[in-house]
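**Student:** Following is a predicted model, sequence given first.
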Amino acid sequence: MKLSKKNLDQRLEHVYDVVIVGGGAGGLAAAVYLQRYRLSCLVIEKGRGRSFWMQDLRNYLGLPSDTPGRTLLQQGQQHVLSLGADYLAGFVEAVHDEGETFAVKVKVGKQDSIYPVFRSKYVVAASGIIDRLPHLEDMQNVYDYAGYNLHVCMICDGYEIADKQCGLFVETEAAINTAFVLNWFTPYITVFTQGLCDVSDAMRQKLKDHGYPLVEAPIDRLLGHDHEMTGVALADGSTVELETGLVAMGSQYFNEYLKGLDLQWSGENLVTDSMCRTSHPRLFAIGDLKEGLNQVSIAVADGTLAATAIWREIRRASAPRRWES
Ligand code: FAD
Ligand code: FAD
């Protein structure tokens, strides 16, 4: 059932088997499996996550390579609702461990917000990350191209970049090293730092040896039309022509709500076992939020694994059903 401010009261006494934080690729996949294992789950989704920004899912077996992330989300939402899952548009603010259950505090509604608390035996953290983008005065100018031919993921879109003139947008010297991986796909790389980091002499020399120009001037705006970036206008009035771009500026991790729990982290990623269980036995982490490859195929497989591990545990602790005559 779709929950809202109007009807969510009905579920406040209910203890779900699982609350899933994040209704992206991984969270929805977990919900499909959990509901098919006849467990009860609630998916909570804040909206506009990473799979929403994915304009084309280009490498998922069985789907046309121009499938938008939004299609995946819509179909996934319908699928989980048809299986009897609950779905709530809301932002998870905190998860508290109460021993037998978790208390999940949610902000619902941007205006006149309410803060219901839902309870579950297990939590699946499927809240993902979001890519940092070049910060320009007019951010709409960046959003016009980000996810189209201004890419954020080399694994996803290196193929699209192949042999094109590519701008690599970074804010640290370490990220400049992306150029030496990107050159598998294209050697026509121009690195833009916007002057946000110092670049060592050794790195300057390395770029020079490879023939990759380094541009440190601030960017005024991206040039292009119809979601196709064709270059960069610099603050000094000059322009650089490009056919595509890759942003390598790191990510923001949606993990604030977990910070009150004692969990094992690897940087901002959660560490899990092979079934996606974190160091907390009733908390699972899947997809981009956990260590590993950031791909839809992985998030979906993680959701399958986490749901199966949870089912196994709940099933083993339950009395067998007998055929009583
Ligand atoms: P997400 O799909 O990001 O789902 C997490 C969800 O949690 C989000 O919807 C978010 O809104 C929600 N959320 C976060 N915090 C909270 C909170 N506190 N409360 C409630 N909800 C919350 N991958 C590929 O495999 N192939 C591609 O071609 C590809 N192209 C991409 C192109 C772009 C432009 C981008 C940005 C990504 C692309 N990716 C691609 C990567 C892919 O989107 C991710 O790997 C995938 O979505 C990860 O799934 P997830 O479930 O871990 O996270
Ligand atoms: P496969 O898809 O089996 O691919 C292996 C291929 O290798 C086969 O095509 C085989 O012909 C070929 N092969 C084997 N030996 C050789 C050789 N020596 N030389 C050349 N080729 C060889 N999974 C789900 O997720 N959801 C479902 O609803 C679901 N329903 C299923 C229903 C049925 C009836 C069956 C049989 C399976 C179902 N599965 C389902 C399971 C799913 O089919 C498998 O998990 C999945 O196909 C595994 O992928 P795979 O690539 O490992 O193996």
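**Tutor:** On my side now, so go ahead. Residues are numbered from 1 along each chain as shown. Ligands and ions are numbered 1, 2, ... in the order given.

**Student:** so Q140 sits in a strand?
**Tutor:** No: Q140 is assigned helix when assessed by DSSP: H, G, I helix; E, B strand; the rest coil, not a strand.

**Student:** Which residues of the stretch 201-325 of the chain lie near ligand 1?
**Tutor:** Taking Cβ under 6 Å from any ligand atom as the contact definition, the stretch 201-325 of the chain meets ligand 1 at 254, 257, 287-289, 294-297, 299. Where C-beta positions appear, they are placed from N, C-alpha and C, glycine not excepted.

**Student:** Please list all residues in contact with whatever residue of the stretch 51-200 of the chain ends up closest to ligand 1.
**Tutor:** In the stretch 51-200 of the chain, the residue found nearest to ligand 1 is G128; the distance is 2.8 Å by Cβ to the nearest ligand atom. Counting by Cβ atoms under 8 Å, 6 or more residues apart in numbering, G128 touches 22, 24, 26, 49-51, 254, 287-289, 299.

**Student:** Restricted to helices, list those residues.
**Tutor:** Among the contacts of G128, the members falling in helices (DSSP state H) are 26, 50-51, 299.

**Student:** Low-confidence bits of this protein, can you list those?
**Tutor:** Residues of the chain meeting the criterion pLDDT under 70: none.

**Student:** For the stretch 101-250 of the chain, which segments are assigned as strands?
**Tutor:** With strands called from DSSP state E, counting those that start in this stretch, the stretch 101-250 of the chain shows them at 102-107, 117-125, 129-131, 150-151, 166-170, 189-192, 214-215, 219-225, 228-234, 239-241, 244-248.

**Student:** Which other helices and strands does the fourth one contact?
**Tutor:** Spelled out, it's strand 150-151. Here strand 150-151 touches helix 154-161, strand 244-248, going by 3 or more Cβ pairs under 8 Å, 6 or more residues apart in numbering; DSSP states H and E.

**Student:** Around ligand 1, which positions in the stretch 51-200 of the chain sit nearby?
**Tutor:** The stretch 51-200 of the chain comes close to ligand 1 at residues 51, 53-54, 57-59, 91-92, 126-128, 131, 147, 152-153, 156, as judged by Cβ under 6 Å from any ligand atom.

**Student:** Scan those residues and report the most crowded one.
**Tutor:** Most neighbours among these, by other Cβ atoms under 10 Å: A126, with 34 neighbours.

**Student:** Just give the nearest non-adjacent residue to that one, would you?
**Tutor:** Excluding its sequence neighbours, the residue lying closest to A126 (Cβ to Cβ, 6 or more residues apart in numbering) is G27, at 3.4 Å.
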